[in-house]
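1. show me the folded form of this:
(4 chains)
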There are 2 protein chains.
Amino acid sequence: MLSNSSKYALKGVLYLAVYASESNKIMAKDIAEPINAPASYMAKLLQELGRHDIVSSVKGPNGGFYLDEKNMETQLIKIVEVIDGEQRLRSCMLSIRECDADNPCPLHDLVGDAKSFFVKNLEETTISQLVSDIEDGKSTLPL
Amino acid sequence: MLSNSSKYALKGVLYLAVYASESNKIMAKDIAEPINAPASYMAKLLQELGRHDIVSSVKGPNGGFYLDEKNMETQLIKIVEVIDGEQRLRSCMLSIRECDADNPCPLHDLVGDAKSFFVKNLEETTISQLVSDIEDGKSTLPL
DNA sequence: CATATAAAGGATAAAAATGTCTTTTAATCT
DNA sequence: AGATTAAAAGACATTTTTATCCTTTATATG
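-> Numbers count the residues shown, from 1 in each chain, chains lettered A, B, ... in the order given. Okay, here's the model as predicted:
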């Protein structure tokens, strides 16, 4: 459903959301390790996320990545779209261009609801909401 | 969600279900064309599906692919599993091994219902049911 | 039986995704 | 200012997925 890359990206951003702050920035390699992602690949993903204002970063000594208040309100779908592209999640299950409610492909009605629900949740949920869940003990951060 | 390969496979099997029969077998290249799949790649996929008793085939003149009565009752999930492997659809959204209802990852509750619903439908639906939909005008075959 | 036909199988190629490494740039600190 | 640190950027390597091609095997038909 999600590419490996966007999984790394989501985990990385979540890790930052929980453990980093402007006064406690975290380096790419220290984010990659707990997530089991290759360090330099993680760095590249964070770079891309930075270009799209999804994470914040500072170079040099005491530098690293963190999320500012605005970053914390990023919708999950944004992260997936930046890494996997806009189409991947939204395209027809059989990759048929003309597929829509009026002209449904054979899988459209079968899995369409599940997919819309899935996408809708990613659209509506922000990083900060997931952090609340973690802090409330409703879910656990990947380690 | 599904790989390109399993999309080709699903479309190919559906095409056979609608247009082929034991007395009217269809060659790989004639299946590939309407589906916009590369002919020899389609042939490979059909071969693999044949090994798993999902499609039937006969070599030689007047040969080709078709679905017998048993093939028609194949659950969609079988096709996806043969082509994409067992794990792809079922693994955790963040690829976390220990993720389950008791120890949910941050996305588990958010998208878990959508995913279970999605997988459940693929498990419960057979090729013949999709064909009924098509014949009833509820959906249209990819052309 | 000989020939033609079409799937099966295997080897190879191209493209995309994932992963690594090196150099450059910007920031901090002495 | 100079040295050091860490992200940014870009080049390169590997792996996986997708695609192509060629040979072999099975089947039908004259």
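2. for chain A, what lies in contact range of chain B?
-> With CB under 8 Å from any CB of the partner chain as the criterion, chain A comes near chain B at residues A:1-2, A:4, A:7, A:10-11, A:14, A:76, A:93-96, A:103-111, A:113-115, A:117-118, A:121-122, A:125, A:130, A:133-134, A:138-142. All C-beta spots, glycine's among them, are computed from the backbone N, C-alpha and C.
3. the residue nearest to residue A:64 when sequence neighbours are not counted: neighbouring residues, count only.
-> Here the nearest residue to residue A:64 in space, its sequence neighbours aside, is residue A:25; by CB to CB, 6 or more residues apart in numbering or on different chains that works out to 3.2 Å. Applying other CB atoms under 10 Å in any protein chain shown, we find 17 residues neighbouring residue A:25.
4. among the residues of chain A next to chain B, which are in helices?
-> In helices, defined here by DSSP state H, the members of the residues of chain A next to chain B are A:4, A:7, A:10-11, A:14, A:76, A:108-111, A:113-115, A:117-118, A:121-122, A:130, A:133-134.
5. are any of those residues buried, and which?
-> Applying 16 or more other CB atoms under 10 Å in any protein chain shown to those, the neighbour count classes A:7, A:10-11, A:14, A:76, A:108, A:110-111, A:114-115, A:117-118, A:121-122, A:130, A:133-134 as buried.
6. put the alpha carbons of the lowest-mean-pLDDT helix or strand in chain A into CSV.
-> Among the helical and strand segments of chain A, the one scoring lowest on mean pLDDT, DSSP states H and E is helix A:87-90, with a mean of 92. Only the C-alpha atoms of helix A:87-90 are listed here, as CSV (Å, rounded to 0.1, in the frame of the first residue of the first chain):
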residue,chain,number,x,y,z
GLN,A,87,-1.3,9.1,-7.7
ARG,A,88,-0.2,6.0,-5.9
LEU,A,89,-2.8,5.9,-3.2
ARG,A,90,-5.6,7.5,-5.3
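7. which helices and strands does it pack with?
-> Using 3 or more CB pairs under 8 Å, 6 or more residues apart in numbering or on different chains; DSSP states H and E as the contact criterion, the neighbours of helix A:87-90 among helices and strands are helix A:76-84, helix A:108-124.
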